[in-house]
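Chemist: with the input below, show me the fold.
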Amino acid sequence: MKRFLLPIPFLLLFSSQYFFAQVDINRNQTKLLTDTNKIGLVDLKSDPEIQRLNELKANLTTSQQKLSTDLLQLIRSEFLPKATSLEHHSETMKSLKQFKPFEQSANFEESISEGTVYVYVYLNQEYSTSVINSYSEIVTDRDEKNHIVVAWVKAKNLEALASLNAVKMVRTVMPPVIRTGSVTTEGDAIHRTSNVRTIFDENGTGVNVGIISDGVDTRSTAQVTGDIPADGSGLTVLSNTYGGDEGTAMLEIVHDMVPGAELYFHDLGGNTLAFNSAIDDLVTAGNNIICDDIGWLLEPFYEDGVVASHINSVINSNDIIYVSSAGNAGDSHYQGDFFPSVTQPTQHDFSEGGTTGAYLYLPLAVGEQAIIVLQWDDQFGDSGNDYDLYLYNYGTASVVASSENFQSGAGDPLEYIVYTRPVGGPASYDYAIIVDQYSGSSVNLEVFIYAPANYSNNIKAQDAIFGHAAVDDVVSVGAVRYTTTSTIEFFSSQGPSTITFPVAESRQTPKIVGVDGGVITGAGGFGSFDGINYRFYGTSASAPHVAAVLSQAWSYDLLRTGQNIRQLLYDYPEDLGSIDFDPVFGYGRADALNIFNGELPVELTSFSATTIGSKVKLIWNTATEVNNYGFEVERSVVKGEWDKIGFVNGNGNSNSPKDYSFVDDFAGKPTYRTGRYSYRLKQIDNDGQFEYSKTIEVDMNGVKKYELTQNYPNPFNPTTTISYILPQTGMVRLTLYNILGQEIRTLVNEVKEAGTHTFNFDASDLNSGMYIYKIESGSFTQTRKMTLVK
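Modeler: Next comes the predicted model:
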């Protein structure tokens, strides 16, 4: 049975306040290590310490084979490299909130053995998660479908737990690696959501956007300044137990760009089962768009794990759009086939025969921490190729960390190291990341480095998007900086995404890019301060920009499906790389105005509806026609479900305005008489190509209120249609003003009957610019804006 791996989570952002920050505002691109004394091969096989560790691995008991190396090193210190003490190892695990020593212990040994460890327990398919109850202190999460449990277990009980036939593997739970807003993000202008708000009056109204991140602890700071809505008045916080303020910054970005959208927040939960529950909670709450900036370090690279599979299922079962950060590993990733070193044939040569050194390299200062993750292209739960991972300190000429998990046909193709540089020695040491083939055949290797810095030797930005960001229907978002919007950020993970199981495929990632580095309020001290403003960097910042663009597009036509809105994002970007799609920028930079201008049919100058007793009359006009076969008329009673109710022949090719109409007799039948109806036109060319008009609505309950609708099309040149609704007969005055408020002309000044009315406005004699039109009838007044573009 394939087992889904539960990986370590990380937030795809940059902030200097965390040890694990890969980059901050002051960081430059990674540099090359050129010291010839440090790029040669290390003779591991002749190292007595490596020989000792290999011998221990060869004699593992069946129970020990089921424990991840870090757990084994905690309960049996002989499995630690001699350069690292048990005290140091336990403190590292404690700092990551994965180990709690027993505080009432009489001695150090007892504090370890009686202490508790936070673990994932993977079970064989035929067993219930209840089998671990007697071995655990607290069970925090269960997944009966995938046979996974998350629990706190005493260290002394780990081997006994692993000895159960029900247990396949026990692995440590790691917390998120936090890497890294009165202000408006520059992304509002760059993605042109501000243009759409001005021209089309669309601000996200009717769309719910849910954010998953670390926390919104000091959101009140941003609420006071109006940068995010108040709780219960535009913002709903479903859970905020994890803590932090990156969620606050993401909410600020969305609210800046689509202030009409309803916002929701849920923290990431702390483990992958809780993360999946967070997604479910947001769906249940009615969110149309969900956006996260979370990555899980140990999620499978070559297949879909428990998170990716769950999100794929959620998308397929619900009419939602899922947006996720692509990752910040463009300058800290490697992938390539196993390349044996000439003099050390079991060691992988990361330079693949080149001259840039055999390994991957990084510097560490005292107190800095690095996480290194290795995987290869075997299937999880079925790996018989055994590779080990080591971290070598050049300053002390010793291996300081190791991962030697057991793979003999039923293992996971995974090794990972977490190492904190202890006190002592010079300000900085250089380290080598070494991969050694313990047994088996050649495989494709992939390594990610999560550290304050690393050297650029042998680093590859390509194929660095994995996990749920690599799911086909997820909108994976790369990053371009707000000051250089046509250049990919050096850290932005690039595609494609190589999948090996269940079938080999290359997935197109990232799907799109968004802006990072925009201004935020800095609530809770979050963000990078440039001396004037707090700024938000990383694909964590670019993802909510794209979520806002999608929200604005969906608010224009709420009856469209999420799949259709998502496709508009890909069809109308600002192309930055190769024509159409490329693995650096995806389809390009998200552009809200392109979506609105590209999607609106240019030939259609008006489309309106009016009720005639129990019938609905549709009226539309075209300015010119090319290759127009005709119009299918569609009606919707239930959201997302459209029925063809008629067809009107087109005029083929025409250079003069044409008028069309259609009467829907069926709407007045008793079964359908009450309620709101939606109509749209499907304009079909002679060659079969087609596009849809905007959607209009009719209330069969009768006109109940005055309304001045947005002119259509808008922008326009030179004609557009203005519609207005009257609940009763009365005097109507419709007036046009320029942007200075000066009256230009009177469009309507007469008595009109109750109902829907349209006015075709010709602006041939006016200059380009923005105009205001105003209706007055009795005590009712309303104004709207229109844009003339010549």
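Chemist: you'd agree K94 is in a strand?
Modeler: No: counting by DSSP: H, G, I helix; E, B strand; the rest coil, K94 is not part of a strand but helix.
Chemist: got the contact list for it?
Modeler: Residues in contact with K94 (CB atoms under 8 Å, 6 or more residues apart in numbering) are K100, P101. Any C-beta I mention is one placed from the backbone N, CA and C, and that applies to glycine too.
Chemist: ditto for I645
Modeler: Taking CB under 8 Å, 6+ apart as the test, what I645 contacts is V633, E634, R635, D664, F666.
Chemist: nearest to I279, of the residues you listed?
Modeler: Proximity to I279 was ranked across those by CB to CB; first place goes to E634, at 32.7 Å.
Chemist: need the nearest residue in space to the closest one, chain neighbours excluded.
Modeler: Counting by CB to CB, 6 or more residues apart in numbering, E634 lies nearest to W642, which is 4.5 Å off, once chain neighbours are set aside.
Chemist: SS state for V515?
Modeler: Taking three-state DSSP, the label given to V515 is strand.
Chemist: ugh, wrong one, I meant Y677
Modeler: Applying three-state DSSP: Y677 is strand.
Chemist: so what pairs up with it in the strands?
Modeler: Residues in a beta bridge with Y677, per DSSP bridges, are V698.
Chemist: isn't it up against L618?
Modeler: No: with contact defined as CB atoms under 8 Å, Y677 does not reach L618; the gap is 10.6 Å.
Chemist: overlap of the contact sets of the two?
Modeler: D664.
Chemist: who has more neighbours, the two?
Modeler: Between Y677 and L618, counted using other CB atoms under 10 Å, the more crowded position is L618 (24 against 18).
Chemist: now the more buried one: which helix or strand?
Modeler: strand 615-622 (DSSP states H and E).
Chemist: same question, F647
Modeler: Per DSSP H and E: strand 643-654 holds F647.
Chemist: centre of the chain to that strand, how far?
Modeler: Relative to the centre of its chain, strand 643-654 is centred 41 Å away, using CA atoms, centre = their mean, to the nearest Å.
Chemist: can you list the strands that the next helix-or-strand element following that strand pairs with?
Modeler: Next helix or strand after strand 643-654 toward the C-terminus (DSSP H and E): strand 658-664. Looking at strand 658-664 with DSSP bridges, its partner strands are strand 615-622 (antiparallel).
Chemist: within its sheet, name the partner strands of the helix or strand following the strand it pairs with and how each one runs.
Modeler: Downstream of strand 615-622, the first helix or strand assigned by DSSP H and E is strand 625-636. Counting by DSSP bridges, the strands paired with strand 625-636 are strand 643-654 (antiparallel), strand 676-685 (antiparallel).
Chemist: pull the residues that contact strand 625-636.
Modeler: So strand 625-636 is in contact with 559, 603, 618, 620, 622, 642-654, 658, 660, 662, 664, 667, 677-687, 695, going by CB under 8 Å, 6+ apart.
Chemist: tell me where the stretch 151-300 of the chain has strands.
Modeler: Using DSSP state E, counting those that start in this stretch, the strands found in the stretch 151-300 of the chain span residues 167-172, 177-178, 208-213, 235-239, 262-267, 289-292, 294-296.
Chemist: just want the most central residue of the protein.
Modeler: S324 (0.8 Å; CA atoms, centre = their mean).
Chemist: partner residues bridging that one?
Modeler: As assigned using DSSP bridges, the partners bridged with S324 are D292, S476.
Chemist: ok, it touching S476?
Modeler: Yes: if you go by CB under 8 Å, S324 and S476 touch, sitting 5.8 Å apart.
Chemist: helix/strand/coil for Q552?
Modeler: Following three-state DSSP, the label given to Q552 is helix.
Chemist: what's near enough to touch it?
Modeler: Q552 neighbours (CB under 8 Å, 6+ apart): T193, V196, R197, E202, N203, G204, M257, V258, A592.
Chemist: out of those residues, name the ones that lie in helices.
Modeler: T193, V196, R197, M257, A592 (DSSP state H).
Chemist: for the residue nearest to the third one when sequence neighbours are not counted, give its distance to N564.
Modeler: In this case it means R197. The spatially closest residue to R197, leaving aside those adjacent along the chain, is N203, at 5.3 Å (CB to CB, 6+ apart). Using CB to CB, to the nearest Å, N203 is found at 20 Å from N564.
Chemist: next one: T69
Modeler: Distance of T69 to N564, computed by CB to CB: 48 Å.
Chemist: out of those two, which sits in the more crowded spot?
Modeler: The residue with more neighbours, out of T69 and N564, is T69; 24 against 16, by other CB under 10 Å.
Chemist: what's the PyMOL line that selects buried ones from the contacts of strand 625-636?
Modeler: PyMOL command restricting the contacts of strand 625-636 to the buried ones, with burial defined by 16 or more other CB atoms under 10 Å:
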select buried, resi 559+603+618+620+622+642+645+650+658+660+662+664+667+677+678+679+680+681+682+683+684+685+695
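Chemist: any regions of the chain where pLDDT drops low?
Modeler: Along the chain, the model assigns pLDDT under 70 to residues 1-29, 176-184, 523-525, 599-603, 613, 624, 626, 655, 667-675, 700-704.
Chemist: list of residues touching stretch 61-75?
Modeler: By CB under 8 Å, 6+ apart, stretch 61-75 touches 76, 79-80, 86, 89-90, 93, 99, 112-113, 117, 119, 155-156, 158-160, 162-163, 167-172, 402-406, 408, 415, 418.
Chemist: filter those down to the buried ones.
Modeler: 79-80, 86, 89-90, 93, 99, 112-113, 117, 119, 155, 158-159, 162, 167-172, 402-406, 415, 418.
Chemist: restricted to helices, list those.
Modeler: Per DSSP H, the subset of the buried ones among the contacts of stretch 61-75 in helices is L86, H89, S90, M93, I112, S113, L158, E159, A162.
Chemist: and for the closest residue to T396 other than its chain neighbours, the neighbour number?
Modeler: Closest residue in space to T396, ignoring its immediate chain neighbours: A83 at 6.4 Å, by CB to CB, 6+ apart. Counted with other CB under 10 Å, the neighbours of A83 add up to 17.
Chemist: repeat for Q51
Modeler: 12.
Chemist: what does Q344 give?
Modeler: Neighbour tally, Q344, other CB under 10 Å: 18.
Chemist: from I434, how far off is it?
Modeler: 9 Å.
Chemist: what sits in contact with each of these two?
Modeler: Common neighbours of Q344 and I434, using CB under 8 Å, 6+ apart, are V42, L44.
Chemist: so what sits against both of S324 and S476?
Modeler: With CB under 8 Å, 6+ apart as the test, S324 and S476 both reach A469.
Chemist: quick one: L56 is in a helix?
Modeler: Yes: assessed by three-state DSSP, L56 belongs to a helix.
Chemist: how near is it to Y392?
Modeler: 19 Å.
Chemist: looking at these two, which is more packed in?
Modeler: Neighbours were counted for L56 and for Y392 using other CB under 10 Å; Y392 has more, 25 against 15.
Chemist: how about that one: what's its closest non-neighbour residue?
Modeler: Spatial nearest neighbour of Y392, chain neighbours left out: A432 (4.4 Å); criterion: CB to CB, 6+ apart.
Chemist: ramachandran angles for that neighbour?
Modeler: Here is the backbone geometry of A432 (degrees, to the nearest 10): phi -110, psi 140.
Chemist: residue contacts, it?
Modeler: Applying CB under 8 Å, 6+ apart, we find A432 in contact with K38, V42, Y359, L360, Y361, L391, Y392, Y394.
Chemist: just list the residues touching the closest residue to the first one other than its chain neighbours, thanks.
Modeler: I take that to be K38. With CB to CB, 6+ apart as the measure, Y394 is the residue that lies nearest to K38, at 5.1 Å, once sequence neighbours are left out. By CB under 8 Å, 6+ apart, the residues touching Y394 are N37, K38, Y429, D430, Y431, A432.
Chemist: ranking the strands of the stretch 151-300 of the chain by burial, who's on top?
Modeler: Mean neighbours per residue, mean count of other CB atoms under 10 Å, is largest over these for strand 289-292, with a mean of 30.
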